[in-house]
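Participant: when you get a sec, could you give me coordinates for this:
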Amino acid sequence: MSTENNRVALVTGASRSVGKGIALALGSDGWTVYVTARGEVGTGGALDRTAEEVTERGGRGIAVQCDHSDDGQIEKLFGRITEEQGGRLDLLINNVWAGPSDGYAGFSQPFWKRPISDWDALIGLGLRAHYVASVEAAKLMVPRGSGLIGNISSFGTRGYLHSVLYGMSKAGLDKMAADMAVELKGTGVTALSFWPGLVRNERMVASGMKSFEGFSLDDAETPEFIGRVVVALANDPEVGKRSGHTQITAETALEYGVTDVDGRQPVSHRAAFGGGTLY
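Facilitator: Okay, the predicted model is just below:
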């Protein structure tokens, strides 16, 4: 059972990359962190390692196998959190994602040459599953009068990035946070959307690539940098004033004095995607 000093988070899609980085940053801040992925738990796999590292950092990592394309499994996940944490959930980070069936190669063709089944991953998992999880999280947070729901979105909302469906899904996440904030007003629950810059994740490092979509990996954000920004916001008693808005991780980091793990200050991609104000 969690206590008032032991905040509880759920990070979906946390076996690697951004999800893992966020989970580890929360672990360093002492959180109990539920982490999910489709793979089996208890086998020493990637999700188990994430949970173990969260615990090693000083938090408590709990790995849960969950296929977020299945509403029933999402509901069961929240049922478990309710039972084990007495109905407490302080933070939900919607991060789970899947690309086209043939991976990033699926972003090399125009939409009319792609199978309609791309929709199932990029919209069904990349948008719908986040909505379902947010519904379940709100059921726990609103009665307690506090909580933060965050969507990992992308600059693909503002400018073309990867594919038509990718942009649609990310724009949907931003709009979802904005409109949820309207309905959550006065409840004490905050809804945000996040735009990381280029993320230097495990796959990119292993590939040996030097740049991606015109951005240098040397200047990219680490997954844990995004997590540090999330922690800073979750610890801010005034975070509710930001509800409904999109947070560019590099810019929000400057506001809170957050640096990357190597002490760098990643640069915002706002100008590269047209500049202008955010909602």
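Participant: burial check on Thr157, number of neighbours?
Facilitator: Each residue near Thr157 was counted by other C-beta atoms under 10 Å, and the total is 23. For glycine as for every other residue, the C-beta is placed from the backbone atoms N, C-alpha and C.
Participant: contacts only, for it.
Facilitator: Gly167, Lys170, Ala171, Leu173, Asp174, Trp195, Thr246 (C-beta atoms under 8 Å, 6 or more residues apart in numbering).
Participant: now swap in Thr222 and tell me
Facilitator: Contacts of Thr222 by C-beta under 8 Å, 6+ apart are Gly21, Val199, Arg200, Asp260, Val261, Asp262.
Participant: what is the second one paired to in the beta sheet?
Facilitator: If I follow you right, that is Val199. Beta-bridge partners of Val199, counted by DSSP bridges, are Glu221.
Participant: pretty sure it contacts Gly227?
Facilitator: No. The criterion here is C-beta atoms under 8 Å, and Val199 misses it with Gly227 at 11.2 Å.
Participant: looking at those two, which is more packed in?
Facilitator: Gly227 (27 against 21).
Participant: now, which of the contacts of Thr157 lie within helices?
Facilitator: Applying DSSP state H to these, the entries found in helices are Gly167, Lys170, Ala171, Leu173, Asp174.
Participant: tell me the one of these nearest Val132?
Facilitator: Top of the list for closeness to Val132, among these and by C-beta to C-beta, is Leu173 at 13.1 Å.
Participant: what's near enough to touch that closest one?
Facilitator: Asn94, Gly126, Leu127, His130, Asn151, Ile152, Ser153, Thr157, Ser193.
Participant: I'd like the contacts of Thr157 as CSV, with pLDDT and distance to Gly45 appended.
Facilitator: Formatted as CSV, these follow (pLDDT from 0 to 100; distance: C-beta to C-beta, whole Å):
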residue, pLDDT, distance to Gly45
Gly167, 94, 32
Lys170, 96, 28
Ala171, 96, 33
Leu173, 98, 27
Asp174, 97, 32
Trp195, 96, 30
Thr246, 96, 33
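Participant: dump these to TSV, plus distance to Val64.
Facilitator: TSV is the format used below for the contacts of Thr157 (distance: C-beta to C-beta, whole Å):
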residue	distance to Val64
Gly167	30
Lys170	25
Ala171	29
Leu173	22
Asp174	27
Trp195	27
Thr246	28
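Participant: report the two of these separated the most.
Facilitator: Gly167 and Thr246 (14.4 Å).
Participant: Glu221: which of the ones in helices among the contacts of Thr157 is nearest?
Facilitator: Using C-beta to C-beta, the ones in helices among the contacts of Thr157 come closest to Glu221 at Lys170, 16.6 Å.
Participant: so what's the residue count around the closest one?
Facilitator: Neighbour tally, Lys170, other C-beta under 10 Å: 25.
Participant: thought Ser153 was touching it, still the case?
Facilitator: Yes. Counting by C-beta under 8 Å, Lys170 does reach Ser153; the two are 4.7 Å apart.
Participant: where along the stretch 51-200 of the chain do the helices fall?
Facilitator: Secondary structure of the stretch 51-200 of the chain (DSSP state H, counting those that start in this stretch): helices located at 71-85, 118-119, 129-144, 164-184.
Participant: which of the contacts of Thr222 are buried? Put it as a ChimeraX command.
Facilitator: A single ChimeraX command selects the buried members of those (16 or more other C-beta atoms under 10 Å):
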select :21,199,200,260
